[in-house]
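Chemist: structure for the following, please:
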Amino acid sequence: MTDVPPSAAEIVDRVANGSTTHEAEVARALTAIEAGNDRLNAFSVVLADGAREEARQRDRDEGGGPLSGVPVAIKEELDVAGCVTTYGGRGNSTPAAEDGEVVRRLRAAGAIVVGKTQMPEFGAFPYTESVAHGYTRNPWRTAFSPGGSSGGSAAAVAAGMVPVAMGGDGGGSIRIPAACCGVFGLKPQRGRVTSAPHEHLWWALGTAGPLTSTVLDSAIVYDVIGGHLPVDRWRAGEVGSFTEAAQKEPGRLRIGWSVTPPTKGLRPHADHVAAVRDTARLLADLGHDVHEVDPQYPDTTLAFVPQFLAGIRSEAAEVEHHDRLERRTRETCRLGSWVTPKVVDLALRATERVSAKANRLFTAVDVLLTPTTAHRPPRVGILDRTGTVRAGLRSFPAITYTAIWNVAGNPACSVPAGTGTDRLPVGVQLVAPTDGEEILFSLAAQIEMARPWALVAPGFLGSSA
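Modeler: Residues are numbered from 1 along each chain as shown. Just a heads-up that it's a prediction; the model follows:
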């Protein structure tokens, strides 16, 4: 099969009009996974038998949902009933008794889980490499990283294996692999998506969310998974339908662009500077008020570092076999021993200050345009023989433009912007004010229509290997 696989929205329409079935779409996904996963190592577990049976049952049932017939993949940090939640390592051995709330909502909307995707242990670094599971590779050029920590999910979508794969973002882990693999990835407003059964994901930093080949697919998924529960520590503000937002014009927006990195001493790659400038020109041609700005980024160190370390320590403390954790993870836990509950409280207060300072920009602009990352996708093996400190230093170019918006809490997305001189994808980041996802979906969809991107990486068209 060499046809481009359908988007989630297309699958739903085809199931509704009877031109395809749940079973046919699951079979398409499983064929693509079988053909390409040995090359990419995107999936950690493939749930072929269960997915086929669930698809057959749904074909027998009447009724549908906003994701009827859509095969989805789930990042290893989210619970799927019957699967060990590995967090990318070997620390757990007992299968989850039930789906996590996000997975439950996906199934209730008609989606069919076909497997789980690779991640670095606890998502600590923005490259999908682990001692337990090896390297995950970029479908565009397999010698290179797909980014991370949701690299397995990004690779699965970019290779046409599934139209939707769930990820998580605590410092850029949806947007970074989206940029590296040429797919769409949006981090929502803090508190938009439940973290149940957990109270939080890395305290104020983290959230779950999808990686998709189209903007509309992402909007549909967020309308399904959005909404908090009593257990959630953070709650986002009220918004309208993201699906509707992705299908309407954004109106004339004030768009500020900047290539200045929040991290002093870093320089963005020339391909990324060119992509931002090209996108700024496109947006001006589309009628927006576009101008260069100085974001005057606040320092996030006192807010981000303690929550990052406490997040890793809290997840590591819950695994069944601490002795099976990677050496670097155990080192990270030791280095974070100074992060007491009182230090976390201080970090959360710093988070509020960072958010207030960062959001001053949005009195003058409606959207900020930046590179998604400062560097190009590195070759696989970038984390080899590194401890916590060296791995962290190697991560700065990946997270410099993204992590600040985890601290501030704002919605932000990575939009494909062509390819670089290395023939690998380039992404640009759009950031909106608090609770501004609707703006991002409308604007990203407008860019997608004006500058269509490849739905599947070259060499992975449809289900071919």
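Chemist: quick check: mean pLDDT of the helix or strand that contains residue 395?
Modeler: Secondary structure assigned from DSSP states H and E places residue 395 in helix 388-399. For helix 388-399, the mean pLDDT works out to 96.
Chemist: number of residues surrounding residue 240?
Modeler: A count of nearby residues for residue 240, using other Cβ atoms under 10 Å, gives 10. Every C-beta, even on glycine, is put in place using the N, C-alpha and C of the backbone.
Chemist: relative to residue 442, how far out is it?
Modeler: Between residue 240 and residue 442 the distance, using Cβ to Cβ, to the nearest Å, works out to 11 Å.
Chemist: ok, now which ones touch residue 44?
Modeler: 76, 86, 115-118, 133, 152 (Cβ atoms under 8 Å, 6 or more residues apart in numbering).
Chemist: any idea which of the residues you listed has the most stuff around it?
Modeler: The contacts of residue 44, ranked by neighbours (other Cβ under 10 Å): first place residue 152, 34 neighbours.
Chemist: tell me how far the helix or strand hosting it lies from the chain's centre.
Modeler: Under the criterion of DSSP H and E, residue 152 resides in helix 151-158. Remark: helix 151-158 is offset 9 Å from the chain centroid, using Cα atoms, centre = their mean, to the nearest Å.
Chemist: which secondary structure elements does it contact?
Modeler: Here helix 151-158 touches helix 22-40, strand 43-46, strand 71-75, strand 112-117, strand 164-169, helix 175-181, strand 207-212, going by 3 or more Cβ pairs under 8 Å, 6 or more residues apart in numbering; DSSP states H and E.
Chemist: ok, and the closest non-adjacent residue to the residue nearest the centre of the chain?
Modeler: Nearest residue to the geometric centre of the chain (Cα atoms, centre = their mean): residue 174, 1.9 Å. Counting by Cβ to Cβ, 6 or more residues apart in numbering, residue 174 lies nearest to residue 185, which is 4.2 Å off, once chain neighbours are set aside.
Chemist: tell me the strands beside whichever strand or helix holds that neighbour, with direction?
Modeler: Per DSSP H and E, residue 185 falls inside strand 184-187. Applying DSSP bridges to the sheet, strand 184-187 is found paired with strand 207-212 (antiparallel), strand 412-419 (antiparallel).
Chemist: how about these in CSV, adding mean neighbour count?
Modeler: Output for those, formatted as CSV (neighbours: other Cβ atoms under 10 Å):
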stretch, mean neighbour count
strand 207-212, 30
strand 412-419, 26
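Chemist: make a markdown table out of the ones you listed and add distance to residue 318 and mean pLDDT.
Modeler: Below are those laid out as a markdown table (distance: least, Cβ to Cβ, whole Å; pLDDT from 0 to 100):
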| stretch | distance to residue 318 | mean pLDDT |
| --- | --- | --- |
| strand 207-212 | 17 | 98 |
| strand 412-419 | 28 | 98 |
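Chemist: so residue 280, which of the three states?
Modeler: Secondary structure, DSSP: H, G, I helix; E, B strand; the rest coil: residue 280 is helix.
Chemist: nearest residue to it in space, please, no chain neighbours.
Modeler: residue 257 (4.6 Å).
Chemist: for that neighbour, name its beta-bridge partners.
Modeler: residue 292, residue 369.
Chemist: against residue 359, how distant is it?
Modeler: 18 Å.
Chemist: looking at these two, which one has more neighbours?
Modeler: Taking neighbours as other Cβ under 10 Å, residue 257 and residue 359 compare with residue 257 leading, 24 against 14.
Chemist: ok, residue 35 - how many residues close by?
Modeler: 18.
Chemist: just the pLDDT for it.
Modeler: Residue 35 is assigned 95 on the pLDDT scale.
Chemist: which residues in the stretch 251-400 of the chain form strands?
Modeler: Using DSSP state E, counting those that start in this stretch, the strands of the stretch 251-400 of the chain run over 254-257, 289-292, 367-371.
Chemist: pull the CA atoms of the longest one into PDB?
Modeler: Only the C-alpha atoms of strand 367-371 are listed here, as PDB (Å, rounded to 0.1, in the frame of the first residue of the first chain):
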ATOM      1  CA  VAL A 367       0.800  35.300  19.400                       C
ATOM      2  CA  LEU A 368       4.600  34.900  19.800                       C
ATOM      3  CA  LEU A 369       6.500  33.100  16.900                       C
ATOM      4  CA  THR A 370       9.900  31.500  17.700                       C
ATOM      5  CA  PRO A 371      12.000  28.500  16.700                       C
END
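Chemist: what packs against that strand?
Modeler: Helices and strands touching strand 367-371, by 3+ Cβ pairs under 8 Å, 6+ apart, are strand 254-257, helix 270-285, strand 425-431, helix 437-450.
Chemist: list the buried residues in the second one.
Modeler: Spelled out, it's helix 270-285. 271-272, 274-276, 279-280, 282-283 (16 or more other Cβ atoms under 10 Å).
Chemist: could you export stretch 259-269 as PDB, CA atoms only?
Modeler: In PDB, the C-alpha atoms belonging to stretch 259-269 read as follows (Å, rounded to 0.1, in the frame of the first residue of the first chain):
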ATOM      1  CA  VAL A 259      14.800  34.200  17.400                       C
ATOM      2  CA  THR A 260      16.500  35.300  20.700                       C
ATOM      3  CA  PRO A 261      16.800  32.200  22.900                       C
ATOM      4  CA  PRO A 262      15.800  32.400  26.600                       C
ATOM      5  CA  THR A 263      19.100  30.700  27.500                       C
ATOM      6  CA  LYS A 264      22.000  33.100  27.300                       C
ATOM      7  CA  GLY A 265      24.900  32.000  25.200                       C
ATOM      8  CA  LEU A 266      22.900  29.800  22.800                       C
ATOM      9  CA  ARG A 267      22.600  30.500  19.200                       C
ATOM     10  CA  PRO A 268      19.700  29.100  17.000                       C
ATOM     11  CA  HIS A 269      20.700  27.200  13.900                       C
END
